[in-house]
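Q: any chance you could fold what I've pasted below:
(2 chains)
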Amino acid sequence: MAIARGLRDQFDWPLFVTVAAIAVIGVTNLYSATSAAGPAFTDMYIQQIYWLTLGSAVAVLVVAIDYRFLERHAWTAYGVGIVLLLLVFLLARNIRGSQRWIPIGSFSLQPSELMKIFIIIALAKYLHNDPKTEGRTLKDLVVPFAILALPMALILKQPDLGTATMLAFIFGTIMVLTQLKLRSLLLLVGAFVVSAPLTWTYLLKDYQRERFESFWYQLRGDSQQNLLDSGWHAHQSMVAIGSGGFWGKGFLRGTQNQHHFLPDSHSDFPFAVWAEEHGFAGVLLLLGLYLFLTVWGLKIASQAKDRFGAVLAVGVSAMFFWQTVINIGMVMGMLPVVGVTLPLFSYGGSSVLTTMTGVGFLMNISMRRFHF
Amino acid sequence: MNLISQRREVGEFRKRYKWMALVAVLFFGVLVVRAFQMEVLEYRRWSGVAVENITKTIVLPATRGVIRDDHGRVVAANRPAYNVFITPQLIDMDRDVQRIATLMGLTAAQRDEFRHRLETVPDRRRTHQIEMFSDVTRDQLAALETHQTELPGVDVVAVPVRTYPFGSLAAHAIGYLNEINADDLARLPGQGYRAGDTIGRSGLEKAWEGYLRGRRGYRRVLVDVRGRSHGNSPGTETRVEPVPGRDIKLTLDMELMRTIERAFRSQPAGAAVVVDVHTGSVRALYSKPSYDLNEMSGRLTEERAAEIRDNQFRPLIDKTIYETYYPASTFKVFGALAALGDSILTPANHLDCPGYYEFGGRRFLCSELRGHGDTDMRRALVQSCNVYFYDLARQVGLDRLSRYARDFGLGEPTGIGINTESRGEIPDYAWYARRYGNQFRGGFTLNEGIGQGNAKVTVMQLAMAYAAIANGGTLYYPQLVEQVASPDGQQAEDFAPRVRRRVNVPRENLTYVIDGLYGVVNDPLGTAYDARILDGVPMAGKTGTAQVARHVAREDEDPRNTDYLSRSNAWFAGFAPAGDPEVVIVVIVEHGGGGGRTAAPIALQILQEYLGGGMPAHAAPHAVAQPVRTSRRPGAGAH
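A: Residues are numbered from 1 along each chain as shown, chains lettered A, B, ... in the order given. Presented below is the predicted three-dimensional model:
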């Protein structure tokens, strides 16, 4: 399907430039983050470029297809996501105590990442078909909850607390968009308060509880020696950031990174590498880009010509926003360490594909906002 | 669905975007504030941690200076001790622990303790080298090194420890080291001491610490998270070489010390000092019993420390400069010099000694209860007649007596410069006035005349005073250190003898007194005549028998011990060769009984071996002192 003439004039340059800037910075930073690591890591940035290329192709494809086509096949997409999640349990290898990846040739696919997009599509579809002007009650939330609960349960089972949390946050944001009755909202809050201790006791695994506990110690300022491993990682990440100063230590000069004090610097902590080497100035630049992306996504949502597009755009923006805030908050020691990647900064094929698909949606909706 | 309704439905969301954007801005604002806090406000703190993370300072210890005696014999040096470091991460808890235990010959209990210590190493330190055994034996070292390749987690590191080849000989003077404690660190700020350092605790090791210790160097290297060297291209490494401590050459003669040790072998407690009369150089500084410096510098167990502390012969007391004793008859020479110096008596003055001296309605006994008969000053010195010196003291007076004694350095520290030195006491009227108010009695003066009043001196003080008599009146500071030099011999600093003062005493008076002291050893009536060495080096000196404070036997005390503790302290102070004195010797044998009987043979034997190169072939065995078997009845005895 060709892009209709005139659409080209609608090309969303700010979106493109922002995403491109983050991607370029991300790859450069990945180069630095992995430069000191062993040979197994040194070509990671090359692989990331391959993934970005593939992701761009997917994005172009997504842009080319009118998103309203997707609306018609939303449930199919959701179904595919669920099937992939189920496949994980059949095919996945156990890596560091959890099963998250489906091996495809020499690559691994992480269905839980893709599920973020699928759940956004499913919710958009549901809300598109079920407009409410009066405000929603709890009964109206049963179906959306079910849409969330099925994949979330599967993901928690892997276990992958970080991605499950992301799904919940995306869902929550989309639901905030709709009008909820006050009574319903209060009930929801009450339910959360009641369920939190139960979740703590029965759902979380020991190592997950340890992370929260060590985060608590960290907040209370307990000495480094008392910290558990995850707390030590967070501490070293804070050392990296704080020691960056205003202008940073310079590209490839971050000592915390180069001397291996930063754990998982390519996956969970690339922001620390960036902050160490480029300082507060670099942080301002990067945060500016992410904030712009989020707000721009909301702007696209506000200009969408239909509910499906609006919800889709809000969902994608929420995905970018929460991943950014949770990852950076965690890296700066404000949140417990959970495995949430930083879009276009963290290494990972599935993450890049998901992000680029999301970008494709935003572009799609943005370009078609005046087309009726 | 038509256009109008769609627009309306989108309108359900519309007003919320702004709020969402605002929330997004707020969240990012928090992140910015946090980044500002860490990277700008707390930059110094985090930067410090980051630098600390990657810098490892490897201390390059300075070698402590070597101490040698006058003949270059090593008295204190350093030897390598081998400490075993273990990296827990690289150890197989089942196989390797048992293997190391077997190689090192550990007992089952030691092995279990070792295992426990390994297991309790915190996770984060498991990649570090941790000291597990210190100063392992040669056999253990050999066993570990043979199997080094099979035990990658085991490293043996050599560290210097202090070693004292002469063990307990001259221990008080040489001193020992041990680990610095928190109090020292607080007391010595800015001097570069760190926990784990050793510091001189006593003797020369303490007094000359500043010369001996040198200055540590260090190597600063960049390391990664595992503590492994990382990115040390040439030029990035900072290295400051250690400065070794200075070597010290003493005036002591350890061979002479051995001679003294042999001469004292029958006596449990006492002291001896040998000083060069022309320089004040201390040739020997002997205090018995002593302690092994190697033991004191090592890890002394609590039991062993208590054993040393509670020994009734008091090994911890330095009896040459800290303990003070009544000088007894060794003091008489100063009375003689006072009387001659102020022309109160002349060599011609004589009196008849009936065995006692009547004064103030009391009888003061002589050492010889049958009396010495007609006695002049020389004979009084030779036979140690108390009666003559009671009379002399009465005529000379307490203040004059004490002034002369003090002129010779008695009753004040000698300035030897190590350990704690006692000043002793040479009382005068003012002293008695402070002590007894207006209760002064003439008898006090009489007792001071025979050194049994309240005068107390150290062995070292007496040696320096007798050296001044022997050399014609020059009072020296005792000198222990002859030279300080860098280990390569460059930058040597020699220390010249230091004169404390010239004692104002006419040469002929000294000659007269020296002649009396010659008589003590060489006249048939002399108190040390029995101890003389036939055909030996000519010697002169004065005996002394100092009564001790009355010993009250403890319950369940061995009667032999009670007997021992009741006995007098035996003195001999003298010099040789008599005609042209080179060295002075002062010997005290605690509870040795009579000075002539116990101390003189020891002193004369030492002098003979030192100056004469050994005892003459025909020397009588009695020259070697035997413990006194019978105790004299306590009385005014000073002979």
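
Q: domains for chain B, by residue range?
A: Structural domains annotated on chain B: B:54-73+B:165-250, B:79-146+B:154-159, B:254-289+B:318-483+B:494-623, as defined by automatic domain parsing.

Q: any chance of CSV for those, columns mean neighbour count?
A: Backbone N, C-alpha and C define where each C-beta goes, glycine included. Output for the domains of chain B, formatted as CSV (neighbours: other C-beta atoms under 10 Å in any protein chain shown):
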stretch, mean neighbour count
domain B:54-73+B:165-250, 17
domain B:79-146+B:154-159, 15
domain B:254-289+B:318-483+B:494-623, 21
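
Q: and of these, who's closest to chain A?
A: For chain A, the closest of the domains of chain B is domain B:54-73+B:165-250, at 4.4 Å, according to C-beta to the nearest C-beta.

Q: one step back: can you add mean pLDDT and give the domains of chain B back as TSV?
A: TSV is the format used below for the domains of chain B (pLDDT from 0 to 100):
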stretch	mean pLDDT
domain B:54-73+B:165-250	85
domain B:79-146+B:154-159	84
domain B:254-289+B:318-483+B:494-623	92
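
Q: could I get those domains in CSV, plus columns for distance to residue A:82?
A: Conversion of those to CSV gives the following (distance: least, C-beta to C-beta, whole Å):
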stretch, distance to residue A:82
domain B:54-73+B:165-250, 41
domain B:79-146+B:154-159, 40
domain B:254-289+B:318-483+B:494-623, 88
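
Q: where does the stretch 101-250 of chain A dip in pLDDT?
A: Within the stretch 101-250 of chain A, the ranges that satisfy pLDDT under 70 run A:133, A:214, A:217-231.

Q: which helix or strand contains residue B:156?
A: Of the helices and strands defined by DSSP states H and E, residue B:156 is found in strand B:154-163.

Q: check which helices and strands that strand sits against.
A: strand B:74-86, helix B:138-146, helix B:293-297 (3 or more C-beta pairs under 8 Å, 6 or more residues apart in numbering or on different chains; DSSP states H and E).

Q: got these as JSON lines, with distance to chain A columns?
A: Listed next are the helices and strands packed on strand B:154-163 as JSON lines, based on distance: least, C-beta to the nearest C-beta, whole Å:
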{"stretch": "strand B:74-86", "distance to chain A": "20"}
{"stretch": "helix B:138-146", "distance to chain A": "31"}
{"stretch": "helix B:293-297", "distance to chain A": "33"}
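
Q: can I get those in JSON lines with distance to residue B:533?
A: Below are the helices and strands packed on strand B:154-163 laid out as JSON lines (distance: least, C-beta to C-beta, whole Å):
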{"stretch": "strand B:74-86", "distance to residue B:533": "29"}
{"stretch": "helix B:138-146", "distance to residue B:533": "46"}
{"stretch": "helix B:293-297", "distance to residue B:533": "33"}
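
Q: which stretches in the stretch 251-372 of chain A count as strands?
A: In the stretch 251-372 of chain A, no segments count as strands under DSSP state E, counting those that start in this stretch.

Q: same check, this time on the stretch 501-639 of chain B
A: B:540-546, B:569-576, B:583-589.

Q: sheet-wise, list the partners of the last one with their directions.
A: Strand pairing for strand B:583-589, using DSSP bridges, gives strand B:270-276 (antiparallel), strand B:569-576 (antiparallel).

Q: now these as JSON lines including distance to residue A:269?
A: Formatted as JSON lines, those follow (distance: least, C-beta to C-beta, whole Å):
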{"stretch": "strand B:270-276", "distance to residue A:269": "72"}
{"stretch": "strand B:569-576", "distance to residue A:269": "80"}
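
Q: many thanks, we can stop here.
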